[in-house]
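**Q** this one's structure only:
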């Protein structure tokens, strides 16, 4: 049986994950109502208006993920679980953002090179895959995602 502290931490993690999902859903609904739906083809000027902020957010999330991969060797078990939970939330946000970026870039095709579109698609797939990994495998895959993502941000800038 779990200790009361473990149950409170699990409840808090569940609440945070639920709130993040609800926030993402609400933001998506607001964007669609405002006519800003990245899943549909958008005018080039609308895409170009969003790209700088989304690239900056992508860079920030990648740096956050990179920083979370650096942990003390003697970190307590509870701290390890919380750190991994934060990594999972970050990976989920990266997946959503990379999907949005890929969809926006598709709206600019053929002005955007095929390689750029494919890189965005592959990065989204890597972010999606992260949530299925155990914490140790996560670290290696996340490091690769960070490196590839930062190259993508740099090249797209």
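**A** Done, it's in. Since the structure is predicted, the reported quantities are computational estimates derived from the model, not experimental observations.

**Q** just for the chain, where's the confidence low?
**A** Low-confidence segments of the chain, defined by pLDDT under 70, are located at 1-29, 31-40, 157.

**Q** Tell me where this structure has helices.
**A** When secondary structure is read from DSSP state H, the chain shows helices at 4-33, 44-68, 77-107, 114-130, 135-156.

**Q** okay if I get the ones you listed as CSV plus mean neighbour count?
**A** Just so you know, the C-beta spots here come from the backbone N, C-alpha and C atoms, and that holds for glycine as well. CSV is the format used below for the helices of the chain (neighbours: other C-beta atoms under 10 Å):
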stretch, mean neighbour count
helix 4-33, 12
helix 44-68, 15
helix 77-107, 18
helix 114-130, 17
helix 135-156, 16
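
**Q** so how far is residue 143 from the residue sitting nearest the centre point of the chain?
**A** Central residue of the chain (C-alpha atoms, centre = their mean): residue 94, 0.9 Å from the mean position. Applying C-beta to C-beta, to the nearest Å, one obtains 13 Å for the distance of residue 94 from residue 143.

**Q** What of residue 82?
**A** For residue 82, the distance to residue 143 equals 20 Å [C-beta to C-beta].

**Q** go on, residue 73?
**A** Counting by C-beta to C-beta, the gap between residue 73 and residue 143 amounts to 17 Å.

**Q** again with residue 89
**A** Counting by C-beta to C-beta, the gap from residue 89 to residue 143 is 18 Å.

**Q** now residue 75
**A** Taking C-beta to C-beta as the measure, residue 75 falls 18 Å from residue 143.

**Q** ok, now residue 48?
**A** The separation that residue 48 has from residue 143, given C-beta to C-beta, amounts to 31 Å.

**Q** do residue 108 as well
**A** As for residue 108, its distance to residue 143 is 30 Å (criterion: C-beta to C-beta).

**Q** And residue 30, by the same measure?
**A** 34 Å.

**Q** same deal with residue 105?
**A** Using C-beta to C-beta, which is the criterion applied here, residue 105 is 24 Å from residue 143.

**Q** Residue 149 too?
**A** The spacing between residue 149 and residue 143, counted by C-beta to C-beta, is 11 Å.
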